[in-house]
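**Q** the sequence isn't on hand, but the structure is:
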Ligand SMILES: Cc1cc2nc3c(=O)[nH]c(=O)nc-3n(C[C@H](O)[C@H](O)[C@H](O)COP(=O)(O)OP(=O)(O)OC[C@H]3O[C@@H](n4cnc5c(N)ncnc54)[C@H](O)[C@@H]3O)c2cc1C
């Protein structure tokens with residue numbers, strides 16, 4: 001928990017109030033990070049149980065005014081100030097109080113609706129998003145459209161007041177448990193690929209939706225394939241303009257990248273690795289010490305980058321660094337932490353011998369969730385380069401009608 005010495009009295013009072021509420025409602029972390037529980041998710045029932053736990057926590061936070069602290073009250077928020085969010089985050093870091101994957105959907109859809117939604121959409125969806133009364137999944141990627149998302153082909157044809165949707169999505173995190181999805185569909189195949197996409201909200205219990213979990217090498221099934229067979233979605237569920245969903249998509253992708261990058265600094269992996277090295281007696285080995293130092297430095301650099309970024313965002317200033325850099329830095333940090341875990345444990349780190357090796361294996365495998373999810377490292381670098389003024393990659397399709405672009 002943070003120092004309160006130099007804070008204004010109002011901030012100190014809020015900190016005391018938040019801490020008291022957390023103490024009354026959540027256990028302390030006791031050194032174990034929420035995310036280190038991923039191993040238990042090998043069991044689908046345990047994964048769903050964890051998801052339910054996150055929902056309960058989100059709902060408690062929301063009822064107490066600690067979810068969407070700066071959001072408008074009519075949208076389910078607390079109408080508060082950005083310093084309150086910072087204080088809540090600082091205080092809650094010490095508690096086993098996670099909203100898990102829900103936090104990602106709140107960051108993505110919440111940002112999209114607040115920027116692009118109609119007043120009615122904001123009033124309808126935002127409060128239930130914050131209270132976890134409605135949970136969400138992202139339905140963007142397709143087998144032929146991941147990095148090149150604008151190539152997507154899931155087709156929506158208008159029929160009066162509804163769109164009829166046919167097609168397939170893939171890699172959809174927690175779609176097996178979500179109540180609703182935010183979906184990208186092709187509404188105009190005659191337009192260039194970025195100009196015929198619409199962003200639409202879909203009730204996952206609609207007839208014609210089939211969700212098939214995908215089992216990963218770890219045994220977990222975090223992702224799904226989602227199939228749409230003549231699914232009817234009201235036209236009123238479009239966010240933004242019909243055919244102009246790419247603007248909404250860009251807002252989601254930016255919020256996702258920023259969320260992943262800034263979320264990373266909450267995970268104090270270096271501390272866990274130091275404890276592991278101490279327990280194994282390798283904390284005096286100079287090579288291991290170097291690995292631990294690298295991990296600590298990487299983590300601290302990311303924490304500072306994240307702080308600079310969040311301070312700017314909360315005070316309404318232009319961020320001094322590109323948000324996508326945070327996610328890239330986290331992806332590189334994850335490679336380092338996996339390597340450090342393996343260096344400490346040696347062959348045991350891969351041999352599945354108990355909690356320590358489970359931890360190291362998770363660290364090694366989890367690097368891919370950050371380096372691929374929300375856009376790959378390579379594509380992230382291309383985008384940053386482009387924003388720095390470098391020429392775009394050569395390629396076809398920017399002005400060609402989507403229907404005329406060769407498909408793989
Ligand atoms: C943990 C995780 C969670 C995810 N959750 C969701 C979700 O909830 N919803 C959803 O819709 N999707 C989700 N995804 C999917 C994710 O968005 C895609 O996997 C990602 O965009 C990459 O697309 P792809 O898998 O089709 O790979 P591809 O686009 O086929 O890329 C394959 C390889 O080629 C490289 N490559 C491609 N194009 C270029 C280029 N122009 N220049 C250089 N290299 C290039 C890539 O970097 C990559 O190494 C998730 C993925 C992960 C890992």
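**A** Looks like it arrived, so ask away. Quick caveat, the model's predicted, so the values are computed rather than measured.

**Q** and the host helix or strand of residue 275, what does it pack onto?
**A** Of the helices and strands defined by DSSP states H and E, residue 275 is found in helix 269-280. With contacts defined as 3 or more C-beta pairs under 8 Å, 6 or more residues apart in numbering; DSSP states H and E, the packing partners of helix 269-280 are helix 286-314, helix 323-345, helix 355-372. In short, each C-beta sits where N, CA and C put it, glycine included.

**Q** looking at those helices, which is closest to the ligand?
**A** Minimum separation from the ligand across the helices and strands packed on helix 269-280 (C-beta to the nearest ligand atom) falls at helix 355-372, 3.5 Å.

**Q** what mean pLDDT does that closest one have?
**A** Confidence over helix 355-372 (mean pLDDT, whole number) is 80.

**Q** can you tell if it touches the ligand?
**A** Yes: using C-beta under 6 Å from any ligand atom, we find that helix 355-372 touches the ligand at 369, 372.

**Q** which parts of the helix or strand bottoming out on mean pLDDT in the chain are buried?
**A** Considering only helices and strands, the least confidently modelled element of the chain by mean pLDDT, DSSP states H and E is helix 355-372, at a mean of 80. Neighbour-count burial for helix 355-372, counted by 16 or more other C-beta atoms under 10 Å, picks out 356-372.

**Q** what sits against the residue nearest to the spatial centre of the chain?
**A** The central residue of the chain, meaning the one whose C-alpha is nearest the mean C-alpha position (C-alpha atoms, centre = their mean), is residue 104 at 3.4 Å. By C-beta atoms under 8 Å, 6 or more residues apart in numbering, the contact list for residue 104 reads 173, 256, 259-260, 263.

**Q** let's go with 6 Å and repeat that
**A** Listed by C-beta atoms under 6 Å, 6 or more residues apart in numbering, the contact partners of residue 104 are residue 259.

**Q** contacts for the helix holding residue 275, please.
**A** Counting contacts by C-beta under 6 Å, 6+ apart, the residues outside helix 269-280 that touch it are 283, 288, 292, 295-296, 299, 337, 340, 344.

**Q** most neighbours among the residues you listed, please name it.
**A** residue 340 (27 neighbours; other C-beta atoms under 10 Å).

**Q** how about the residue in the stretch 1-150 of the chain that the ligand sits nearest to, nearest residue that isn't a chain neighbour?
**A** Residue nearest to the ligand within the stretch 1-150 of the chain (C-beta to the nearest ligand atom): residue 146, separated by 1.9 Å. Residue nearest to residue 146 in three dimensions, not counting chain neighbours: residue 171, with 7.5 Å by C-beta to C-beta, 6 or more residues apart in numbering.

**Q** could I get the pLDDT score of the one you found?
**A** The predicted structure scores residue 171 at 96 on the pLDDT scale.

**Q** any figure for the gap between it and the ligand?
**A** Counting by C-beta to the nearest ligand atom, to the nearest Å, the separation of residue 171 from the ligand is 4 Å.

**Q** ok, how many other residues are close to that residue?
**A** Other residues lying near residue 171 total 20 when counted by other C-beta under 10 Å.

**Q** thought it was touching residue 223?
**A** Yes: proximity of residue 171 to residue 223 meets the contact threshold set by C-beta atoms under 6 Å, at 4.9 Å.

**Q** where exactly do the strands run in the stretch 151-300 of the chain?
**A** 155-159, 162-170, 180-186, 197-203, 209-214, 223-234, 238-239 (DSSP state E, counting those that start in this stretch).

**Q** looking at those, which is buried most?
**A** strand 180-186 (a mean of 26; mean count of other C-beta atoms under 10 Å).

**Q** which ones are touching the residue of the stretch 201-350 of the chain found nearest the ligand?
**A** Across the stretch 201-350 of the chain, no residue is closer to the ligand than residue 223, which sits at 6.4 Å (C-beta to the nearest ligand atom). For residue 223, the contacting residues are 171, 214, taking C-beta under 6 Å, 6+ apart as the criterion.

**Q** and stretch 134-148, how far from the chain's centre?
**A** Offset of stretch 134-148 from its chain centre (C-alpha atoms, centre = their mean, to the nearest Å): 13 Å.

**Q** run through who's touching that stretch.
**A** Stretch 134-148 is touched from outside by 105, 109, 128, 151-152, 169-172, 174-175, 178-181, 183-184, 226, 376, 379, 408, with contacts defined as C-beta under 6 Å, 6+ apart.

**Q** how many other residues sit next to residue 154?
**A** For residue 154, the tally of surrounding residues (other C-beta under 10 Å) stands at 22.

**Q** which strand residues bridge the closest residue to it other than its chain neighbours?
**A** In space, residue 154 comes closest to residue 167 once its chain neighbours are excluded; the distance is 3.0 Å by C-beta to C-beta, 6+ apart. For residue 167, the beta-bridge partners are residue 228 (DSSP bridges).

**Q** now do the same for residue 34: its pLDDT.
**A** 52.

**Q** quick check: what element follows whichever strand or helix holds the residue nearest to the centre of the chain along the chain?
**A** Assigned by DSSP H and E, residue 104 belongs to helix 100-116. Next helix or strand after helix 100-116 toward the C-terminus (DSSP H and E): helix 119-131.

**Q** now do that following helix: distance to the chain's middle.
**A** For helix 119-131, the distance between its averaged C-alpha position and the chain's averaged C-alpha position is 19 Å (C-alpha atoms, centre = their mean).

**Q** let me see the mean pLDDT of the next helix or strand after that helix.
**A** Counting by DSSP H and E, the next helix or strand C-terminal to helix 119-131 is strand 136-139. For strand 136-139, the mean pLDDT works out to 98.

**Q** and the spatially closest residue to residue 339 that is not a sequence neighbour, how many neighbours does it have?
**A** Among residues not flanking residue 339 along the chain, residue 291 sits closest, at 7.0 Å (C-beta to C-beta, 6+ apart). The burial metric for residue 291, expressed as a neighbour count using other C-beta under 10 Å, is 22.
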